[in-house]
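1. model the structure of this input:
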Amino acid sequence: MAVAYLVFAVLFFMRVSITHSIVAEKEYCPKGYVHYPFEHVCWRFSTSKKTWFNARKDCEASHEHLAVLNTVGLINFFKTYRAINKEWSTKGNVWIGGRKLGYNWRWVGPIGEHILFGDWMHGEPNARSTSSTHCLSTEGWPYLTWLDSPCDYVQHYVCERVANYYF
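-> Predicted coordinates for the structure are as follows:
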């Protein structure tokens, strides 16, 4: 009887552990977000359009920030996901978390670092002044490259948060 109980307990524990692992693997991000596992981030595509500053406020209200694409992996995954996902590919230009501050482009938010490389469209960035009205967006389909735009344009945006377990 003790052996049967022990076998039952081991099998039950294994089932719970496997089920828990499968569920956890699928739920690193809240529902409706996209998970990029190599950088452990989640992205949420907005359903509304806002200026860059209002988009930033909306992200921050959810304890997020505008998306930061500061590695080749993030840039490629973002472009690929936008290209294959109809909902994301048809939205036109999209705000991400870069902004021109003085003469330099920087990621605004928790990173705050200079934008050292990117996926700029040919001829971009073309904002030559030191005006603070230049913000970073990605073009819509089929290019999906970066361009600088006046921050008061109204367009969709992508918020980012750190991936975590969401049960």
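2. now the helices: where do they sit in the protein?
-> 2-26, 52-61, 72-84, 86-89 (DSSP state H).
3. which one is the residue nearest in space to the middle of the chain nearest to, not counting chain neighbours?
-> By Cα atoms, centre = their mean, the chain has its centre lying nearest to W43, at 3.4 Å. Once flanking residues are discounted, W43 sits nearest to V34: 4.7 Å by Cβ to Cβ, 6 or more residues apart in numbering. Where you see a C-beta, it was placed from the backbone N, CA and C, and this is true even at glycine.
4. burial count for the one you found?
-> Applying other Cβ atoms under 10 Å, we find 18 residues neighbouring V34.
5. if we can go back for a sec, the residue nearest to the centre of the chain pairs with what?
-> In this entry, W43 is beta-bridged to V34, E160, by DSSP bridges.
6. which ones are touching it?
-> Y33, V34, Y36, A67, F78, V158, C159, E160 (Cβ atoms under 8 Å, 6 or more residues apart in numbering).
7. low-confidence stretches in this structure?
-> The chain contains residues with pLDDT under 70 at 1-26, 127-133, 166-167.
8. quick one, what contacts the nearest residue to H40 once chain neighbours are set aside?
-> Sequence neighbours aside, A163 is the residue nearest to H40 in space, at 4.5 Å (criterion: Cβ to Cβ, 6+ apart). By Cβ under 8 Å, 6+ apart, the contact set of A163 is Y28, C29, H35, Y36, P37, H40, V41, C42.
9. just the buried members of the residues you listed?
-> Among the contacts of A163, those that count as buried by neighbour count (16 or more other Cβ atoms under 10 Å) are Y28, C29, H35, Y36, V41, C42.
10. could you measure from the fifth one over to Y103?
-> For V41, the distance to Y103 equals 29 Å [Cβ to Cβ, to the nearest Å].
11. just the last one next, same as before
-> From C42 across to Y103, the span is 33 Å (Cβ to Cβ).
12. ditto for the first one
-> Here the criterion is Cβ to Cβ. By it, Y28 lies 38 Å from Y103.
13. now swap in the second one and tell me
-> Here the criterion is Cβ to Cβ. By it, C29 lies 36 Å from Y103.
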